[in-house]
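Chemist: following is a predicted model, sequence given first.
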Amino acid sequence: MWPRIGGLRTLALGSPGELRTNLNTLVLAGVKTATAGLLTSEYADENEELEHVGERLVLVDDHDALVGVVEVTGVEVVRFADVSWDFARSEGEGDRSIEEWREGHRRFWASVGFPVDDDSQVVCIRFRLVSAGDGGISTGDLGT
C-alpha cells in the first residue's frame, strides 16, 4: 500500500532525487497537471485502487514530507500506444511530440524495472493543485 498522510494517499512523482524535485516544482508552478502510471506495476503490485475524480492526494518529496495537495480531475486507463498528445502535453515535462513523450516514458519505466510495450496499460491521471507551501499544508486541513 502507498503511504497515507492525514488519511489521504500520497503522490510521489518520478524517482527520488532530482527528477522528483523537478516534477514537484512543475506541479507547484501549475505547469504539470497530469501524471502517468503503469496499471500492473504501480497499482496491482501495490494492491492499490485507481484514483477517482474528486480524490485528494498529498504530493510528497523524497522524505515523504508534504509538498502540496492535488485533486484528481480525471482518470483514464489506456494502452501505452493510445496515450494522447493532449495528455502528454499536460504532464508539462517539455516533450515536443507524442513520440518524444513515449520514448522518455519507455526509458524511465525500463530504468525502474518495468519495460513497456504498446499494449501496456497506462493510468492517465489529471489533477489540479489545491494547496502548496509551508503556509498551511503541514498544519492545515488537507481536505480543504
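Modeler: Noted; the coordinates are in hand.
Chemist: which stretches of this structure form helices?
Modeler: Assigned by DSSP state H, the helices in the chain fall at 18-28, 85-90, 98-111.
Chemist: could you dump the ones you listed to JSON lines with distance to residue 46?
Modeler: Bear in mind the C-beta positions are built from the backbone N, C-alpha and C, glycine included. Output for the helices of the chain, formatted as JSON lines (distance: least, Cβ to Cβ, whole Å):
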{"stretch": "helix 18-28", "distance to residue 46": "17"}
{"stretch": "helix 85-90", "distance to residue 46": "22"}
{"stretch": "helix 98-111", "distance to residue 46": "15"}
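Chemist: now mean pLDDT too, for those helices, in a markdown table please.
Modeler: Converted to a markdown table, these look like this (pLDDT from 0 to 100):
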| stretch | mean pLDDT |
| --- | --- |
| helix 18-28 | 95 |
| helix 85-90 | 97 |
| helix 98-111 | 96 |
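Chemist: and of those, who's closest to residue 122?
Modeler: helix 98-111 (8.2 Å; Cβ to Cβ).
Chemist: what are the pairing partners of the helix-or-strand element of the chain with minimal mean pLDDT, and which direction each?
Modeler: Every helix and strand of the chain was ranked by mean pLDDT, DSSP states H and E. The lowest is strand 4-5, at a mean of 90. Sheet pairing for strand 4-5, assigned by DSSP bridges, gives strand 8-11 (antiparallel).
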